[in-house]
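Enquirer: Fold the following, please.
(chains A, B, C, D and E)
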Amino acid sequence: MGLLSWLIFIPFFTALAVILTPQPKQIKWVALIGSGIHLLLTAYTAIKLWGVISQETFTADVFAKLYFTEQYDWFKSLGIQYMLGVDGMSMAMVILTSIIIFTGVLASWHVTERPKEFFALLLVLVTGVFGVFLSFDLFLFFMFYEVAVLPMYLLIGVWGTGPKEYSAMKLTLMLMVGSAFILVGLFALYHTSGQGTGVYSFNLNTLASFEYPKSMQAWVFPMIFIGFGILGALYPFHTWSPDGHASAPTAVSMLHAGVLMKLGGYGALRIAVYLLPDGAKEWALFFMGLTTINILYGSFGAIKQKDLKYFTAYSSVSHCGIVLFGVATLNFMGVKGAVLQMFSHGVMTGLFFALIGMVYGRTHTRMIPEMGGLAKVMPWLAVCFYVAGMASLGLPGFSGFIAESHVFIGGFFGNAWNSSVAMQVMTVLATMSIVVTAVYVLRGLGKVFLGPITDSHYLSLTDAGFTEKLTTGILIAVLFLVGVFPQFLIKLIEGSVLPILNRLR
Amino acid sequence: MSMLPEIIIILFAFLIIALDLIFLDKAKNYLVPVTVVGILAACAVLIFNNSDTLMLGGRFVSGAMHLWLKVTFLIATLLVVILVPESTSENLKNRLSSVGEFLTILLFTLAGMMYLVSCQDLVTLYVSLELATIPLMVLSSWNRDDQGGEGAIKYLVIGALASAFLLYGFGLIYALSGELSIPAIMPQLTEGSPALYLAAALITAGIGFKLTLFPFHMWAPDAYQGAPILVTAYLSGASKAAGLVVALQIFYRLFGHFIVDWAPFVAVLATLTMTLGNVVAVLQENLKRFMAFSAISQAGYIILGFLGNTGADISAMIFYMLVYVFTNLAVFTVLIVHVQQTGKETIQSLRGMSRLNPGLALILMIGLFGLAGIPPLAGFIGKFFLFNVAAKSGYYWLVVLAVLNSTVSLYYYLRLVRQMYIEVPAEGDKPLKIKPLTMLGLGFVTVGMLGLGLIPYFYEQIGRDAAQWLAF
Amino acid sequence: MSLWLSENGLFYFLTLVSTFFAVLCVNTRLILRAAVYLMAVLFFVAGIYLRLGLEFLAGIQVLVYVGGIVVVLVFAVMLTHSHAVKEEKPDITRKIIGLLTAGLFFLGSWWAIAQTPALTSVSAELMPLTTDIKTIGRALLDFGASGYVLPFELVSLLLLAVLIGGVVIARKDVG
Amino acid sequence: MNLYHFIIFSLFLFSVGIYGVLTRRSAVGILIAIELMLNAGAINLAVFNRYLAPDKVDGQIMALFVMAVAAAEVLVGMAILIMLFRRKKSVDIGQLDILRH
Amino acid sequence: MHDMIAYAWLIPAFPFISFLLIGLGVRLYSQKLAGIIATLSIGASFACALTLAITYFGLAPDAEGLRPTLVPWSFIWVDYMEGLRVNLGILVDPISVLLMVVVTTVSLLVHLYSMGYMKGETGYGRYFTWLNLFTFSMLGLVVAPNIIQTYVFWELVGASSFLLIGYYYERGAAVAASKKAFIVTRFADLGFLLGIILLGYVGYPLYQGSGVEGQLFDYTYLTNPQNITALVGTGFLGISLLLIYMGAAGKSAMFPLHIWLPDAMEGPTPVSALIHAATMVVAGVYLVARLFPLFSTTPDVLEFVSYVGLFTCAFAAIIACTQDDIKRVLAFSTLSQLGYMMFALGLASMDQPLGYVASMFHLFTHAFFKALLFLGAGAIIHAVHSNDIWHMGGLKKLMPVTHLTFLIAVLAISGIWPFAGFFSKDEILLAALQGGKNIHFIGGLLVAGLTAFYMARIYFLSFWGSPRSKGSSHAHEAPLIMLIPLCVLAVLSLVGGWVPFSDYVTIGLTEHQGGHGSSIVPILGSLVAILGLGFSWFVYGRGESARSDAIAAKWGMVFGWIKNKFYMDEVYQFITHQMIFRFVATPIAWFDRNVVDGAVNLTGWLTRRASSIFTLIQTGQAQTYGVWFVVGTGVTLIMLWFTKG
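Expert: Numbering: from 1, shown residues only, chains lettered A, B, ... in the order given. Down below sits the predicted model:
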């Protein structure tokens, strides 16, 4: 079992361990230790990778350079391999997921109803996510992708609140429809390149070596992009996200909004743009328009939301719109910004949902009008909410600004294949979202935390406990570190983004 | 002597009937173990001295490929036989009566199916097909109640109709080729005369009945619902596998090179079967009828394999059939235990099962996800390869439809999961007790569901054998 | 008149009569009468076989079909007291649909068969039969390439299985 | 009478059998119609053997087996009908529609 | 001495370290200690700033009298593209040193003052943490070597002012004010960001070819002449500078975006003193000054800047005369003085840099006397417990020191001879005259008069006459710790004017005190100031308020308009709440819930509908199944035949 296989299967073994632990009290500790070990291993891999990447230069190559690869034949007759590898982009995502699962376990410290199944399913979900980020054989990629989607149904259905069955069902079905489009795209790629070169294989780089005909790219690219876009909350397909997040328990919506929605962006970039450059050039403008709506629509939608979770869900729709917007710019800074935004928004939403979970745990209501003046009672949570809010509206000093500035500058600089005026108009529209974001963030925080205390028995509420302080502390530290010293992450990502852009030319 | 497995099965059938007659009640609880031993013996013989042989002057052929199909039948029957004791314990509501006869007839149909695989001429094909179908009509009215009778009658009427059509088709094939043995017919059928297409249509009707394809599937829901759940399991498992074997024999070996230009028709047939099966299953309440429609939709997925004509396509179908048998019988095992012990057949009756017996609920859930095609289960990998065949022959629209269908199927499978995991058990429900044999069966099946997909040996081996079989 | 006395006049007579009885058998409302008409049809078909020179087949036809199956059908009619009750009028729509389906099927198939030269252009006169009852017997039990011993055994299994099953189903509930 | 006439004769019998199956109210009537259809198949086989391959005997043998199978079908049909009759005192196929939708 | 420049990064570092120290740890243990540490850190950075100023200005200016711009220290922060690298660092040049000195001095004094003013407040530690954060971000903004770092700290300054305005978060008004401030400045920052991006987009192709060391966004690159001529060629420079000016206008509360400043008075008075008098609001002026070489190449933009400045100056002065709340008056006066600075900058050009020097000089002097005014007002409010000037009165005897320092500040701002205001305002008017901009000259003159009038008004109403409320009757002198800063500022307001400003801070050769009309301007200015003071004494001086009510009654409707700040707040309120929220946000929320969500639910409903239809096929009649069977075969035959192809 190589290093990367361990990275994928540690959560799975922890899940098994969780199932086998006798007393319920120990369960959360086992889960925590598991995810802790994983965090350490991720850190080790990241440093090791950083050591390698910082020496290399990536300007020329056209294929993704992979490190610590593991390659075993699986279904030889169909050219399917168990192929794992890591490059800058997937390493960043693995770091993000590892942090989110660690804090997610911490945030669900008080899950009392059937904790064994809860933690097991959560860890299985994360195994799927790690699998996606580390696998470079499209069959394996698709397999892990669906493994990541399915536990959501049970997690939301059993432990959720509000119309949980409805939103769990809607979420699962829409994501499965998404995977339907991706599957067809995969087949198109597999067979076209197979007939073309005679070599049938699902390996990403072998598929990339074939020059797909333009006509085929014209219909396969949108299909794959929309397939991933559904998970990445692309405009018309985002409706599952508000309901899904509102009904999901804290850790699940942390993982989902924080990590799973990034799968969409990652997949769109890694498969759609990487393998089908001409399709990307043709459709970039269309999707850029769609994502601009996505950004503004999400932020305007969040202004009038009554429920705190819907509020954050719409905000994450808007921020995920920025991710896909970055991808659609097909410009070096834009794409790099998209990956940065994936990372930074992942941490931000994780923090937001963790905090909402903590507030909900105390006030037992998520309705903004019902709450007010909580800062007096929970100063720590209020400060953390403020940091999360400021980070999400892109205050410099936090990772939000780095990512958004990349995307907006990239969008403005445009690319060689689309009319730069159209792109600039769209970028200006998208940049306006920073103002609208500021409006709804401050409105929301103002109503919940500031002003006089509305409800007398809120006075008795307690401030954050140790685990909560640890969770929020870690997440804020990450936001702050990336915000102030982004070079580590930028250098990590640049290496993997360059080949994608070189292929466009 | 490569006909040994079939002979063992038949001998054990007579052994059972003899034991039942001589020892009457005393032998009651020995019958099932003997049958299991018989089937396992047949399995052992089949697997361990499997060499390509021709017997009876070419009338009976047995090779590597046939091994896989026969193993599918044997396993399907074994898993049903294992569950017989579940249905015959005293305190049950609708207990299975006259177990001896039941097992004998089961073994006879099994023998019929195995001969179906190895037959080389139309007469044996027809007779073994009837041997594999008619006794099932008897079995489906074993409960001797109104529903059983009605289901059996419908099964009989449509079954007879189908066998008459099949017969008439074979007659026309005989007329056009003058031959009855399959290897001899293929070279004769050169140009596609209207009579040949009439024969093809008639035979397709016969196969459609057996495989429950769209216009010919009407009997299935009622027959599945009427029959005792044990027989329903057998019908949806082994009988459908037999249907596939007949289809393979005829479409590939009889009509051989015609299959290529039938692809559009097969595509339409697959779409209709899948869509109807899935869409109607959405609102079903009765478990058996629900599984009937699920089986119909699965048949729709399987015939996707007929869109291609290379070895890989056949291996995709056979692999998926093996996986389908494992997954379907995993689901049925749990349903059988549930239906027999609670007597209720509605989906609501599954309520809160995850709290009462988590193990069973988990296996049922894994089975349902297998049917819906969720990784890492073999169901997903099987479906992936089937869609791969359809994509290879350029039917991308069909792949989209197929995957959307499996999403709809996920919806109604999740209805069961919802009842088990999300709903609270009704008061008064007691946890179900499982016999050790069933436990063994469940373990075997679960390992099968996971192993078949992840371990590449099975698919690769079937692929090699299929290529070699086509050349036969 | 020469039509009737000529070589194939007998054929025409036999086929016409059997079709007449077949139509009657399907339309009578008394089940017992339908069984009798079926017997008549089978007899005349046996006549056709004789005329074609297939004596053994004609004998078996009479023995199995008329002697066995029709008798079983009569048993069925008696045991289900269908002979007493007159089958009530089937509603007209069911008849029309049945007629339409059967008629369309007939015409469709006829069109298909008529278009195929291999079947229509076969010469009318009958070649002398070189096979007789011995060849049928040998072929039936021959182990070789052209033998049918396998289906022979399988049919016996089928009948046995059906017998056992039938008994279990139809017996009074001994439990 | 040449082969073509025989085929049409057996086809007609077959179609009458279909008509019988689809319209008879009594289940026994349906069994009778099924026998008719199967017999039409047997005729078909016999006639093809006689006209197209007089030196071989395959068609007749298949016809024999068809008769045996037809016998089996009738037996099963009778058994089920008797069981049904005992319980419902009627064998009208129209009333047998508890299992639907 | 030289090493002091190398350690310039200590200046912003001190407040940052103390911010982290207090914020995370100290304030939880002892509030008082937090205050002390905060003040000490600002003191240390003040000391560094002073020594830096001395060493820097000690260096001999180069040939044309320009002082060197040095970037002693910087580290790579973000690497957008190979040409677009942004690093954070320190830039030392005349205006940045000037600003550093101003910011640190005022911040130190405000810290000292706050230790007294905020004593006993619950959030004492929190207050000092945010104050340190603010000082750090302001210093960061001032020393920024490139435009991106300016933007970064621009936002941080906006965020910390948001926190400080919303200090009394339990009061709804404070929360609303802080939110309004942040959103308005954020809107302006949008323009600023777009301006930067456009500048980058335009400049990048030129930069790439030129192979110049240093990065595109660095000021050293942007301000050196041959790059500028290249940039001018692109034609987009005007638009991007206009956008950047929009950011500056938002921060310095120029006319359309001024609404947040009066409301910002909700924050504690020392905050207003520091942020809304001396430092933050000046950032806009500083930015324009920093990019002045670029601005000078687009005269129409400068023209626009000057007219907006002038209008704001007049507009604010008129409103200030009618306000009752002492802090609102001071806020509008700041607006008006900012207007002065802006339009002075607008007048200047590379070859006539007097306006630039005058604006900087006025910034320098205004910081001190406006801070003094605010702190004085704070002392009064602290004593009288009310902001309304009509509750004050007769404090001359009760609070002698405050009275004296307040008087000095009033005289300074009115532009009376020995005080700082006179010199800086005089230079601005001189620059206007020399620049041939007569409208600005006359406007400036009139506003000077108005300034004198409304300042004298609040002076007379609060200190002269008899105490008009219980609070003011037994007001007592502010504690010593609050008085020291007042006195220091008073001295600075006095001395500030005499500093030979132009030979320190200048953009090109200026002949100081030269040029025509340099003599009549001071006379005219003082005359107008004295006139204003006299008129105000005439109206308010003698204690009874009858005369003021009479004027108010006579002007009636106009007076009402002006008092309500020309209903600008209501207009904005209408735009945001009615227009945006009601016609955009709610429809989108509704649209999302019903239409987009509805479409998804529709597919679910359709499937169930189809399911109920298809189940009807299973009629239960065996013979119907037979019909389906036979018809199915027929259809199969037809399909097979026609797809034979």
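Enquirer: Please count neighbours and contacts with C-alpha atoms only from this point.
Expert: Fine.
Enquirer: State the pLDDT value of the residue of chain C found nearest chain A.
Expert: Using Cα to the nearest Cα, the single residue of chain C nearest to chain A is C:A145, 37.1 Å away. Per-residue pLDDT puts C:A145 at 79.
Enquirer: ok, it touching B:F60?
Expert: No. With contact defined as Cα atoms under 8 Å, C:A145 does not count as touching B:F60 (9.6 Å).
Enquirer: Low-confidence stretches in the stretch 501-645 of chain E?
Expert: Along the stretch 501-645 of chain E, the parts satisfying pLDDT under 70 run over E:507-518, E:542-553, E:645.
Enquirer: returning to what we had before: same drill for C:A145 and B:F60, tell me which one is more crowded.
Expert: B:F60 (21 against 14; other Cα atoms under 10 Å in any protein chain shown).
Enquirer: what helix or strand does B:G394 sit in?
Expert: Per DSSP states H and E: B:G394 is located in neither a helix nor a strand.
Enquirer: Run a quick neighbour tally on it.
Expert: 17.
Enquirer: Distance check, it against chain D.
Expert: Distance, B:G394 to chain D, using Cα to the nearest Cα, to the nearest Å: 36 Å.
Enquirer: For chain C, give me the ranges with low pLDDT.
Expert: In chain C, residues with pLDDT under 70: C:1-7, C:87-88, C:90, C:174-175.
Enquirer: Nearest the geometric middle of it, what residue?
Expert: With distances taken as Cα atoms, centre = their mean, the residue of chain C nearest its centroid is C:L42 (5.9 Å).
Enquirer: shouldn't it be in contact with C:V62?
Expert: Yes. Between C:L42 and C:V62 there is a contact under Cα under 8 Å: 7.3 Å.
Enquirer: Contacts only, for the residue of chain C closest to chain A.
Expert: By Cα atoms under 8 Å, 6 or more residues apart in numbering or on different chains, C:A145 lies in contact with B:56-59.
Enquirer: Those residues into a markdown table, with extra columns for secondary structure, pLDDT and distance to E:L21?
Expert: Shown next, in a markdown table, are these (DSSP: H, G, I helix; E, B strand; the rest coil; pLDDT from 0 to 100; distance: Cα to Cα, whole Å):
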| residue | secondary structure | pLDDT | distance to E:L21 |
| --- | --- | --- | --- |
| B:L56 | helix | 79 | 95 |
| B:G57 | helix | 78 | 96 |
| B:G58 | helix | 78 | 93 |
| B:R59 | coil | 83 | 93 |
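Enquirer: Tell me which residue in chain A sits closest to chain C.
Expert: A:S77 (37.1 Å).
Enquirer: Please verify my assumption that that residue contacts B:E460.
Expert: Yes. With contacts counted by Cα under 8 Å, A:S77 reaches B:E460, the gap being 6.8 Å.
Enquirer: the more surrounded of these two?
Expert: Per other Cα under 10 Å, whichever of A:S77 and B:E460 has more neighbours is B:E460, with 20 against 15.
Enquirer: Now do that one against D:P54, distance only.
Expert: 47 Å (Cα to Cα, to the nearest Å).
Enquirer: hey, which helix is longest across the chain?
Expert: No chain in the question, so chain A it is. helix A:164-197 (DSSP state H).
Enquirer: ah, no, chain E please
Expert: helix E:172-210.
Enquirer: who does it touch, helix- and strand-wise?
Expert: helix A:399-413, helix A:433-449, helix E:147-165, helix E:225-233, helix E:237-251, helix E:260-263 (3 or more Cα pairs under 8 Å, 6 or more residues apart in numbering or on different chains; DSSP states H and E).
Enquirer: hmm, the second one touching chain E?
Expert: Yes. Shown here: helix A:433-449 in contact with chain E (Cα under 8 Å from any Cα of the partner chain) through A:434-435, A:438-439, A:442-443, A:446.
Enquirer: The helix ranked longest in chain D and chain E, any residue contact?
Expert: In chain D, with assignment by DSSP H, the single longest helix is helix D:58-88. No. Helix D:58-88 is not in contact with chain E by Cα under 8 Å from any Cα; minimum separation 14.0 Å.
Enquirer: And that helix, what's buried?
Expert: Buried residues in helix D:58-88, defined by neighbour count with 16 or more other Cα atoms under 10 Å in any protein chain shown: D:58-85.
Enquirer: quick one, strands of the chain?
Expert: By default, I'm working from chain A. A:67-75, A:80-86 (DSSP state E).
Enquirer: My question was about chain E, not that one.
Expert: E:70-79, E:85-92.
Enquirer: Output these as a markdown table; include the columns mean pLDDT, distance to B:I422 and mean neighbour count.
Expert: Output for the strands of chain E, formatted as a markdown table (pLDDT from 0 to 100; distance: least, Cα to Cα, whole Å; neighbours: other Cα atoms under 10 Å in any protein chain shown):
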| stretch | mean pLDDT | distance to B:I422 | mean neighbour count |
| --- | --- | --- | --- |
| strand E:70-79 | 84 | 49 | 16 |
| strand E:85-92 | 86 | 54 | 23 |
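Enquirer: Of all these, which one is nearest chain A?
Expert: When those are ranked by proximity to chain A (Cα to the nearest Cα), strand E:70-79 comes first, at 6.0 Å.
Enquirer: Let me know the angle separating that closest one from helix A:399-413.
Expert: 90 degrees (axes from the mean of the first three to the mean of the last three Cα atoms, to 10 degrees).
Enquirer: Paired strands for strand E:70-79, with orientation please.
Expert: Note on strand E:70-79: by DSSP bridges, its sheet partners are strand E:85-92 (antiparallel).
Enquirer: Please report the number of neighbouring residues for the closest residue to chain C within chain D.
Expert: Proximity of chain D to chain C (Cα to the nearest Cα) peaks at D:N2, 4.1 Å away. Close neighbours of D:N2, defined as other Cα under 10 Å, add up to 18.
Enquirer: That one touches C:A124, doesn't it?
Expert: Yes. The criterion here is Cα under 8 Å, and D:N2 meets it with C:A124 at 4.1 Å.
Enquirer: For the longest helix of chain E, buried residues please.
Expert: E:172-204, E:207.
Enquirer: Likewise for stretch A:410-421?
Expert: A:410-415, A:418, A:420.
Enquirer: Among the residues you listed, which one lies nearest to A:A46?
Expert: Set against A:A46, the nearest of these by Cα to Cα is A:G410 (26.6 Å).
Enquirer: From start to finish, how long is stretch E:315-333 in a straight line?
Expert: Stretch E:315-333: ends 10 Å apart by Cα to Cα.
Enquirer: no wait, stretch E:251-262
Expert: 13 Å.
Enquirer: so how far is that stretch off the chain centroid?
Expert: Relative to its parent chain, stretch E:251-262 has a centroid offset of 8 Å by Cα atoms, centre = their mean, to the nearest Å.
Enquirer: Need the contact partners of it.
Expert: Residues contacting stretch E:251-262 (Cα under 8 Å, 6+ apart): E:177, E:180-181, E:184-185, E:188, E:249-250, E:276, E:280-285, E:308-309, E:311-312, E:328, E:331-332, E:335, E:338-339, E:568-569.
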